[in-house]
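# The following block contains a protein sequence and its predicted model.
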Amino acid sequence: QVQVAESGGGLVQAGGSLRLSCAASGRSFSSYAMGWFRRSPGKEREFVAGIAVSSGFTLSNYADSVKGRFTISRDNAKNTVYLQMNSLKPEDTAVYYCTALRYYGGPPINNWGQGTQVTVSS
């Protein structure tokens, strides 16, 4: 099973950018679909972006709230998944988590890491 550790969060002004990293362990990392989720204060954890590689093609999908601003990518040689976040808004403030997914577009496996805090000031 894939274990993860997120990093790269911080405090940024609205309109700014951050890149989150998710370092994963596990020899079968490349076979897993991976996803980023976030939890804002007082809210349920929500899906942000997902990625998988199938037949040499990279598939990705996004929540409507981040489409066009966030980009998910992965480097299988480094066992790492990234989330590039541009044009950040105060409502993007949350703890961000990455996790393996049961399948692309599917639910998380729930092997959550500690998460990384992103705070966007207005």
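Looks like it arrived, so ask away.

# Can you list the low-confidence ranges for this protein?
Scanning the chain for pLDDT under 70 picks out nothing.

# Show me where it has its strands.
Using DSSP state E, the strands found in the chain span residues 3-7, 10-13, 18-25, 33-39, 46-54, 57-62, 70-75, 80-85, 94-101, 116-121.

# Go through these and name the closest to Ile109.
Checking the strands of the chain against Ile109 by CB to CB gives strand 94-101 as the closest, at 4.6 Å. For glycine as for every other residue, the C-beta is placed from the backbone atoms N, C-alpha and C.

# Kindly calculate the angle that the closest one makes with strand 3-7.
Interaxial angle of strand 94-101 relative to strand 3-7 (axes from the mean of the first three to the mean of the last three CA atoms, to 10 degrees): 150 degrees.

# how much does strand 94-101 deviate in direction from strand 116-121?
Interaxial angle, strand 94-101 versus strand 116-121 (the same axes, to 10 degrees): 140 degrees.
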